[in-house]
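A.B. asks: what would the 3D arrangement of this be:
(chains A, B and C, ligands or ions: 3)
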Amino acid sequence: MRFKYVGQSIPRVDAFEKVTGTAKYVTDMFFPGMLYAAVLRSPYPHAKIKKLDVSKAKELKGVRAVVTAKECPYKQGIYLVDRPIFATDRVRYVGEPVAAVAADSLDIAMKALDLIEVEYEPLPAVFDPLESMKGEILIHPDLASYDRLPIYNIEPEKNVFHHHKTRKGDVDKVFEEAKERDDVVIVEGEYTLPQIYHAPLEPHGAIAFYDFEGKLTVWSSAQSPHTLRHLISYAFKIPHHKVRVIAPYVGGGFGGKAGINMEGIVIALAMQVPGKHIKLIYSREEDIMATVVRQGMYAKVRAAVTKDGKFLAWEQMMAFDGGAYAEYGTNVVRAAGYTTPGPYYVPNIKVDSYGVYTNHLVGGAFRGFGHGELHWAVERHIDKIAQELGMDPLELRMKNLLKPGLTNAMGQKMHDHSGNVEACLKKAAELIEYEKPSEQPKDPKKKRGKGIAALVKAPAMPTNAASSVIIKFHEDATVTLQVSIQEIGQGFNTAIAQMAADALHIPVEKIKVVTPIDTDTNPYEWQTVASRALWTVGNALYRAAEDALNQIKNIASQVLGVAPYNLEVEDDRVYIKYDPETYIPLKDIVMGYTYPDGHAIGGPVIGRGSFVPERLTNLDPETGQGNAAAEWTFGAEAAEVEVDTETGEIKVLKLVGVFDAGRVVNPMLARGQIIGGMVQGMGPAVFEQITYDKDGRPLTISFTDYKIPTIADIPEEMEADFVETHEATSAFGVRGIAEHPMISVPPAIAAAIYNAIGVNINDLPITPDKILKALKEKGE
Amino acid sequence: MERGEYMIPHDFSYFRPATLDEALDMLSEDGMIPIMGSTDVVVKLRARRLKPKGIVDLKAIEELHNFSFSKENGMVIGAAVTMNELIEDHPEVKENYPVFYQAIKKVGAYQTRNRATVAGNIGNSSPAADSVPPLLTYNAKLKLVSKEGEREVELKDFFTGPGKNILKQGEIIHSIIVPYEGPSIGMYYKLSRIKAVDLSTIGVALTVIDPDGKRDIRIALASVAPTPLRVFEAEDFIRGKELTPEVVEEFAKIVQRNTSPITDSRGTKEYRYEMAYVLPKKILRELGLYKEVS
Amino acid sequence: MVIKFTINGDEMEVDVKPNETLLDVLRNKLFVTGPKEGCGNGECGACTVIYNGKPMNSCLILAPEADGAEIFTVEGLTKDGKLHPIQEAFIEENAFQCGFCTPGFLMSAKALLERNPNPSKEEIVEALSGNLCRCTGYDTIIKAVKKAAEKMGARS
Ligand SMILES: Cc1cc2nc3c(=O)[nH]c(=O)nc-3n(C[C@H](O)[C@H](O)[C@H](O)COP(=O)(O)OP(=O)(O)OC[C@H]3O[C@@H](n4cnc5c(N)ncnc54)[C@H](O)[C@@H]3O)c2cc1C
Ligand code: FES
Ligand code: FES
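C.D. replies: Ligands and ions are numbered 1, 2, ... in the order given. Reported below is the predicted structural model:
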């Protein structure tokens, strides 16, 4: 392919709408006679519901519907169906929906909540995944009977909703032999991180409308409209063609708006009052408490390394604090499991990754999908190994990279086109001037240092996660492109328009990407997740464009009397390759060609293309060997920080991120992903965390208490750069970069802190009090 | 029937009297509360932490918008003067009360300060109120008025606990009076999780009145006790002493000893306690008032 | 109670309740949906409007208070179908992604440039620190405001 638009920094196609306030999000939609919903939530982390009486609420003037598990006994779950839409006999986290009301106004709905009588009997609760794995308190006693995809491996007696195992080589043997070898060291370490919150600026919202013949329409701030439709259809037992999901612009998702979330609540209400629109927009408090958060994690690592720095064996146990329901957590745990130990080659690997139920907020998908977690442990541990060996941490990394010809933890072989982590690390090192020690500030209480970390992530998706594209030509040879990847800010609509322009050989201005996504009209797309959109949709688009071009050439070939392969489409015409002056205007072809005498041939050109990942397989449940990853994005990130040794305050001075993108479609937007992702990674590195009181009630349920970086918190300097190793599995040579920038910022910052003050912080976030404590322990 | 989507699920009435007398009349009734910028009040209404019968908006009352400064009478801040007005429209604030100026610049965001008032900050009586520690060091007083009359109280005697103060039903803060005791330097050191728009983990106001003359050092803290805390004991200790490392050390220890912090989502009690010792020294050093021997 | 105010120069009369905020009224009664609700607590700035010449969180203003006010929202920025220089600069510098925070940022930026046509980086940061953005990492927003200042300087 020849690239004219791919590679250009064209402005966003949604720009005008977004700067004028005309871009519509679910919250901006109103329907005549619309009702407003409010939700009654559990105040307990774990309790039996002894009594639930909604009769008084029903009587309040203006209340139109009240639902509980009695009216809506359905459960939902993407891979494991464990989450009731309304709590049935028990509640499992603070914030769990117990009942919902629809009323003429939100304030009536909220007043009605006060009239609902609930009696709880508090149950003992468990908040720590390791504690929970002891199985003394069972959060889902019936787990074994839940519907689930068979690739997930439950251990009901341990509160485990998935246990992933990797067994490559023979780790035990290496550790055993290492005892006898004096050229090998064994290094152990423990690493943790708490739950964190996505904090999209737009809270979750949905509007549902159920008609009298059983057709359901849902407007939702959904990342994945088709999967949402599928899950609704499954939970409410409505056939797919009677469920219509419409997804306008989404005000940030970061994984939290993938799958099904709070839609079930409004659907249940809508089904009570057919013919009425029901709107539910979560408050910030509800958004934090009752959607999903990123799981917390405890990790224990043991590595055998030769004294000259070769990794021989890597053993890693991760216990994820999955909260009350598994959600995407099942696959997060699996992806973290099969990717460990990241972008490094180790011949012997043993990984146990557990998704564990606790009575915390529900864990789910979050930008990076387990990789921020696994890399926190892996990258910190490599720094620890480097310290024990007295070796430079970058040098140690360089010695163990996952390079072409070597196999990863799943046994997949890396190819020349698989991406170049070495080049990423080198560039990141250059950008941070790794070789040059930080210049120390005049104030002797302040210390500066630099650190670097690498990463890898493949799309974590089912083996058959499919995409499709429809290209419609119009009378004037302009084009609409129907795809169902959601524009959540990542810039997909712009990039895909650029790719379509190059695939169709027409100007980008002539292409419009259809919004909002409507599952009744848009073709199937699995989900807007996993940094896979340009890769997977690109491949479907390539086929759709071929299809459309073939149709055009077939019609033109009849008109011009030359073989289709001798024709070329360019801009506004189709011409004969060996006689470019002879052409037909595209607009005379794309609706079919009409001869001067009036008779017509062909018909409207509609290109169709679909794609499903090639050659993926499930993993062997005992060894984790197989082909779970279709392509990998490697990257490296580096940080420079300043630590105030008196107060423990950390100032991140500089962040750099370098990623092997295959091919950068829109440099300006790609840079935006990197910078935005690095800042989103910085928050959890130094302050973001969901905290709970001793009774398991979340404390950080507003922006007053849950802080995210402001404009005043960003580093002085941030740089993004790319390596471009053509991706052979993509028609456009591209691979994803959207989640990756968030992944290794925390370990890079932790490494920089070590470089500055010589202490290791292994528990996120790296708050001032942890710094001071560590300095004290070190004796300073 | 009311339709729509609004987030305060509680009915109350709203008044906006144009005169103080009217306002005081309304406020004398139980369940009526005053508002200025409503930056604290609306948040509490939404969270249902406040369920007033009626709200009396005092912003239409002319006299509450007064601001004046003279060396004789000090600074008088009417209750309705916003923090941004103090920062942008009245250079006297920065010039004569630099520590107070630094502190109000650190309150919330620019938008917040376009509404937030010092009277509201005091009326809200949070231990984290940023404007209060510096005002304590400047010996601020409050003019309180009610239907019954008016009284003047020392700011240090105003607070009785978190969110609690000595105001009686119907009594409002009319103005804040800050004596002018001479030129001052100092620092408001606010430690928070993020650099902007966060309540303090700990806030320390250290003010030096007449730095080149009698050098009167004063210190007050936020977020380390049930109320904002001025530490007279430490001030008495350091008064007139040369600032040797030993003296400063002892000064910091006295400050620390007087605090009784708790753990919350912004910080642990141990960290706050530690900082109550570290920050006084750090501020003195950063002000160039003493050198640490290293 | 019935209150009167102007929105982007247009006079409006609307019946409000004391427990509605200005943001509720703008969005749900007048369907002026440019200002967004990101928190309802004054913490995110998505609801920022220019209120009597100053940027404020419309979620913290009780609706009756707005009687007689002059309110300016993102909807008022474009004139005769032409973008305001701040809007142009936001597009050129890629200063938004999902766009949910953008109406608020544009209001804070406009108010800043009106009181300070040539702000330093520190002044920009101070003026915008009450507007949260989870997508961009902010650096392009700072650049966009600088660029807008240049454009506006050049035009006046
Ligand atoms: C996003 C955000 C950030 C914030 N950041 C900070 C911060 O960094 N530091 C900080 O200290 N505060 C902060 N606050 C809290 C708040 O803004 C301040 O306390 C502010 O000074 C309150 O002033 P106000 O005029 O808005 O008060 P209101 O909300 O109008 O009133 C506050 C309280 O004082 C009472 N009151 C008001 N006027 C009077 C009067 N004249 N006499 C007696 N009582 C009265 C009210 O009844 C109420 O109880 C923040 C708030 C928000 C929303
Ligand atoms: S909605 Fe007003 S500041 Fe967030
Ligand atoms: S662009 Fe999404 S929050 Fe700012």
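
A.B. asks: is it true that residue B:290 touches residue B:241?
C.D. replies: No. Judged on Cβ atoms under 8 Å, residue B:290 makes no contact with residue B:241 at a distance of 10.8 Å. C-betas here are computed from N, CA, C, even on glycine.

A.B. asks: and the residue nearest to residue B:286 when sequence neighbours are not counted, helix, strand or coil?
C.D. replies: Once flanking residues are discounted, residue B:286 sits nearest to residue B:187: 6.6 Å by Cβ to Cβ, 6 or more residues apart in numbering or on different chains. With DSSP: H, G, I helix; E, B strand; the rest coil as the basis, residue B:187 sits in strand.

A.B. asks: show me what contacts residue B:187?
C.D. replies: B:99, B:102, B:204-206, B:283, B:286-287 (Cβ atoms under 8 Å, 6 or more residues apart in numbering or on different chains).

A.B. asks: how much space between it and residue A:494?
C.D. replies: 48 Å (Cβ to Cβ, to the nearest Å).

A.B. asks: ditto for residue A:313
C.D. replies: Residue A:313 is 46 Å from residue A:494, by Cβ to Cβ.

A.B. asks: where's the residue in the stretch 101-250 of chain B that ligand 1 sits nearest to, which helix or strand?
C.D. replies: Distances between the stretch 101-250 of chain B and ligand 1 by Cβ to the nearest ligand atom are smallest at residue B:120, namely 2.1 Å. Taking DSSP states H and E as the definition, residue B:120 sits inside helix B:118-124.

A.B. asks: could you list the residues in contact with that helix?
C.D. replies: With Cβ under 8 Å, 6+ apart, helix B:118-124 has contacts from B:34-41, B:77, B:79-81, B:83, B:86, B:104, B:107, B:129-132, B:135, B:142, B:155, B:158, B:163, B:165, B:167, B:172-173, B:175-176.

A.B. asks: how far is it from where the chain is centred?
C.D. replies: 7 Å (Cα atoms, centre = their mean, to the nearest Å).

A.B. asks: list the buried residues of it.
C.D. replies: B:118-124 (16 or more other Cβ atoms under 10 Å in any protein chain shown).

A.B. asks: picking up where we left off before, strands - which of the contacts of helix B:118-124 land there?
C.D. replies: Within these, residues falling in strands by DSSP state E are B:34-35, B:77, B:142, B:165, B:172-173, B:175-176.

A.B. asks: determine the set of other helices and strands touching the longest helix seen in chain C.
C.D. replies: Ranked by residue count, the top helix of chain C under DSSP state H comes out as helix C:139-155. Helix C:139-155 makes packing contacts with helix A:667-686, helix C:85-92, helix C:102-115, helix C:121-128 when contacts are defined by 3 or more Cβ pairs under 8 Å, 6 or more residues apart in numbering or on different chains; DSSP states H and E.

A.B. asks: can that helix be found next to ligand 3?
C.D. replies: No. Helix C:139-155 stays clear of ligand 3 (Cβ under 6 Å from any ligand atom), getting no nearer than 8.2 Å.

A.B. asks: one more: stretch C:42-55?
C.D. replies: No. Stretch C:42-55 stays clear of ligand 3 (Cβ under 6 Å from any ligand atom), getting no nearer than 8.1 Å.

A.B. asks: neighbours around residue B:212, how many?
C.D. replies: 9 (other Cβ atoms under 10 Å in any protein chain shown).

A.B. asks: ok, residues contacting stretch C:64-76?
C.D. replies: In contact with stretch C:64-76 (Cβ under 8 Å, 6+ apart) are residues A:19-21, B:14, B:16, B:38, B:57, B:59, C:1, C:3-9, C:16, C:18, C:22, C:25-26, C:32, C:34-35, C:49-53, C:58, C:102-103, C:106-107, C:110.

A.B. asks: that stretch: end-to-end distance?
C.D. replies: Start-to-end span of stretch C:64-76 (Cα to Cα, to the nearest Å) is 22 Å.

A.B. asks: stretch B:12-30 too?
C.D. replies: End-to-end for stretch B:12-30, by Cα to Cα: 13 Å.

A.B. asks: up against ligand 3, what does chain A have?
C.D. replies: A:201, A:252, A:489.

A.B. asks: just the closest of those to chain B, please.
C.D. replies: residue A:201 (14.5 Å; Cβ to the nearest Cβ).

A.B. asks: excluding chain neighbours, what is closest to the closest one?
C.D. replies: Residue A:201 sits nearest to residue C:100 (Cβ to Cβ, 6+ apart), 4.1 Å away.

A.B. asks: which of the helices or strands spans residue A:386?
C.D. replies: Assigned by DSSP H and E, residue A:386 falls in helix A:371-389.

A.B. asks: what is that helix packed up against?
C.D. replies: Going by 3+ Cβ pairs under 8 Å, 6+ apart, helix A:371-389 lies up against strand A:184-193, strand A:296-306, strand A:311-321, helix A:329-339, helix A:393-399, strand A:446-457, helix A:740-743, helix A:745-757.

A.B. asks: what's the average pLDDT for the helix or strand following the fourth one?
C.D. replies: Right, the one you point to is helix A:329-339. Using DSSP H and E, the next helix or strand after helix A:329-339 towards the C-terminus is strand A:348-356. The average of the pLDDT scores along strand A:348-356 is 98.

A.B. asks: strand A:348-356 versus helix A:371-389: what angle between them?
C.D. replies: 140 degrees (axes from the mean of the first three to the mean of the last three Cα atoms, to 10 degrees).

A.B. asks: strand A:348-356: which residues count as buried?
C.D. replies: Buried, per 16+ other Cβ under 10 Å, within strand A:348-356: A:348-356.

A.B. asks: same deal with stretch A:692-706?
C.D. replies: Quick answer for stretch A:692-706 (16+ other Cβ under 10 Å): A:692, A:696, A:698, A:700-706.

A.B. asks: please apply the same query to stretch B:272-286.
C.D. replies: B:272-285.

A.B. asks: so which bits of chain C are right by ligand 1?
C.D. replies: C:42-43.

A.B. asks: domains in chain C, as residue ranges please.
C.D. replies: Per automatic domain parsing, the domain ranges recorded for chain C read C:2-74, C:85-151.

A.B. asks: mind putting those domains into CSV with mean pLDDT, mean neighbour count and distance to ligand 2?
C.D. replies: Formatted as CSV, the domains of chain C follow (pLDDT from 0 to 100; neighbours: other Cβ atoms under 10 Å in any protein chain shown; distance: least, Cβ to the nearest ligand atom, whole Å):
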stretch, mean pLDDT, mean neighbour count, distance to ligand 2
domain C:2-74, 97, 22, 3
domain C:85-151, 98, 23, 7
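
A.B. asks: in a markdown table, list these along with distance to residue A:681.
C.D. replies: A markdown table is the format used below for those (distance: least, Cβ to Cβ, whole Å):
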| stretch | distance to residue A:681 |
| --- | --- |
| domain C:2-74 | 20 |
| domain C:85-151 | 10 |
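
A.B. asks: break chain A into its domains for me.
C.D. replies: A:15-22+A:465-611, A:31-123+A:204-281, A:293-461+A:618-778.

A.B. asks: closest point of chain C to ligand 1, which residue?
C.D. replies: Counting by Cβ to the nearest ligand atom, chain C gets nearest to ligand 1 through residue C:42 (3.1 Å).
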